[in-house]
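Visitor: The following block contains a protein sequence and its predicted model.
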Amino acid sequence: MLKFLLVFCACVYTVTAGKHDAYRSYSVHNVQVRDMSDLQLLQDLQLNLGVDIWEHGMGGVRDAVVMVSPEQARSFLEALDENGIAHSLHIADVAKSLEEHENDLASYRSSRQNRMIFNDYPRYAEVDAYMERIAATYPNLVTLVNAGPSFEGRDIKYLKISTTNFTDASKPIYFMDAMMHAREWVTTPVALYSIHRLLENRRPEDQDLLDDIDWIILPIVNPDGYEFSQTDNRLWRKTRSVNLNVSTECIGVDANRNFDIEFNTTGVFTNPCSNLFPGPYAFSEVETQYVRDILLEYLPRIQLYNDIHSHGNYVLFCYANKTLPPNAAHIHHIGAAMGAIMDSMKLPQARFYLVGNSGLVLYPTSGSADDYAQVRLRI
Ligand SMILES: [Zn+2]
């Protein structure tokens with residue numbers, strides 16, 4: 001799993017009055033976690049108070065970033081102070097910050113009319129049109145596949161890119177997907193940029209990436225959640241599935257907890273209103289079923305599965321329960337090379353990429369896409 005953070009020059013359309021009011025007076029705090037017990041305290045506060053951890057941090061290495069409601073703020077800060085954990089205010093009013101961000105994005109868009117699709121946060125329809133255009137422009141290299149409809153009926157499409165129409169069984173397949181978590185907007189442009197560099201703007205030195213590898217690129221795994229995050233709730237994370245047998249109050253499932261690997265055991269909350277609700281059963285979500293079906297269809301040939309998330313500069317690999325697969329040294333070696341390349345191109349103010357096991361570097365969890373792929377691929 002690769003986690004990218006890209007920073008765009010500036011930034012989205014005119015703010016609709018009150019659009020972000022749900023986050024009025026919500027605040028975000030940097031928390032100087034020192035060790036595993038501090039991280040555990042944050043996990044407990046997430047469970048007991050319902051605070052939203054934006055970035056988990058790493059003891060003594062990098063701060064955690066946590067959003068709290070006005071009602072949660074006092075208890076949260078008192079718990080930190082009681083445990084001697086240093087903290088500082090990162091965002092005083094999340095709604096105001098989101099409004100400023102939208103205004104910045106609107107002015108960026110008006111100043112750069114001819115921007116490329118990956119230099120923005122394109123809506124589902126724009127991404128769909130781009131993939132249709134790419135498929136029509138490169139018919140000898142590209143096949144556009146419709147995996148099927150999302151819960152709300154949006155077609156979930158992916159591109160197969162190959163010089164041999166996927167018929168050469170000796171070629172490895174690289175499978176890249178993005179936007180499993182709705183609010184992680186920066187991930188889809190990463191997938192689109194990859195398409196662009198493979199097809200529209202390929203460097204001579206990258207020709208082998210096209211000749212020797214077959215690609216599957218799925219830019220939006222969770223289109224319902226993504227569109228909802230664009231129109232209604234910027235910080236929506238889950239799918240938008242409705243299951244009245246599960247809850248009449250809250251909808252959606254954390255797609256990256258919904259895979260059939262140690263399902264519903266670690267790093268999840270059984271409350272359907274939680275952002276970390278894994279679903280009533282593994283693969284309850286049609287969106288995760290499509291990812292599963294791609295993995296299973298191409299199982300013997302998939303050499304790399306790259307599930308792109310944000311935010312935080314990490315290159316993470318399995319397993320999320322802190323154990324390592326047999327090829328961990330090999331993966332770590334590749335991850336370190338990836339991290340080093342990205343470090344060389346990152347903005348000066350961005351953090352260096354941390355490379356390691358997801359359970360150890362980030363936090364233990366279960367039901368994740370990368371763990372499922374690793375087990376299924378039996379590497
Ligand atoms: Zn994510």
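Guide: That came in fine, so what should we check first? Numbers count the residues shown, from 1 in each chain.
Visitor: Taking the stretch 201-350 of the chain, what residue is nearest to the ion?
Guide: residue 309 (3.3 Å; Cβ to the ion). Heads up, the C-betas are built off the backbone N, CA and C, glycines and all.
Visitor: Could you give the average pLDDT over the helix or strand in which residue 90 is found?
Guide: If you go by DSSP states H and E, residue 90 is part of strand 87-91. Strand 87-91 carries an average pLDDT of 98.
Visitor: my read: the residue of the stretch 201-350 of the chain closest to the ion touches residue 184, true?
Guide: Yes. Shown here, residue 309 and residue 184 form a contact pair, counting by Cβ atoms under 8 Å, at 5.6 Å.
Visitor: Mind checking what secondary structure whatever residue of the stretch 101-250 of the chain ends up closest to the ion has?
Guide: Across the stretch 101-250 of the chain, the shortest distance to the ion (Cβ to the ion) belongs to residue 181, at 3.4 Å. Recorded secondary structure, residue 181: coil (DSSP: H, G, I helix; E, B strand; the rest coil).
Visitor: got a list of what it touches?
Guide: Residue 181 sits next to 187, 222, 225, 237-238, 254-256, 309 when contact means Cβ atoms under 8 Å, 6 or more residues apart in numbering.
Visitor: Heading C-terminal from the least confident helix or strand in the chain by mean pLDDT, find the next helix or strand.
Guide: Scoring the helices and strands of the chain by mean pLDDT, DSSP states H and E places strand 2-3 at the bottom, with a mean of 42. Sequence-wise, the next helix or strand downstream of strand 2-3 (DSSP H and E) is strand 27-31.
Visitor: What strands line up against that following strand, and which way round?
Guide: The partner list of strand 27-31 in its sheet, established with DSSP bridges, is strand 64-68 (antiparallel), strand 87-91 (antiparallel).
Visitor: Kindly compare burial across these and name the winner.
Guide: strand 64-68 (a mean of 21; mean count of other Cβ atoms under 10 Å).
Visitor: now what about that strand, what contacts it?
Guide: Outside strand 64-68, the residues touching it (Cβ under 8 Å, 6+ apart) are 26-31, 33, 39, 42, 45, 49, 51-57, 76, 90-91, 94, 235.
Visitor: That one: what's the following helix or strand?
Guide: Assigned by DSSP H and E, the successor of strand 64-68 is helix 70-82.
Visitor: Flag every buried residue along that following helix.
Guide: In terms of neighbour count (16 or more other Cβ atoms under 10 Å), helix 70-82 has its buried residues at 72-73, 76-77, 79-80.
Visitor: One more: stretch 172-187?
Guide: 173-187.
Visitor: What parts of the protein come near the ion?
Guide: 181, 184, 309 (Cβ under 5 Å from the ion).
Visitor: partner residues bridging residue 218?
Guide: Where residue 218 sits in a bridge, its partners, by DSSP bridges, are residue 177.
Visitor: I figured it hits residue 294, correct?
Guide: Yes. Using Cβ under 8 Å, residue 218 is in contact with residue 294, at 7.2 Å.
Visitor: list the residues that contact both of the two?
Guide: Common neighbours of residue 218 and residue 294 (Cβ under 8 Å, 6+ apart) are 147, 158, 175.
Visitor: Looking at these, which are in strands?
Guide: 147, 158, 175 (DSSP state E).
Visitor: Next, the residue nearest to the last one when sequence neighbours are not counted: phi, psi?
Guide: What that stands for is residue 175. Distances taken as Cβ to Cβ, 6 or more residues apart in numbering put residue 216 closest to residue 175, at 4.5 Å, once the chain neighbours are dropped. Backbone dihedrals for residue 216, given as degrees, to the nearest 10, come out at phi -120, psi 120.
Visitor: From the ion, how far out is the residue nearest to residue 58 when sequence neighbours are not counted?
Guide: Excluding the flanking residues, the one nearest residue 58 by Cβ to Cβ, 6+ apart is residue 361, at 6.5 Å. To the ion, residue 361 is 15 Å away according to Cβ to the ion, to the nearest Å.
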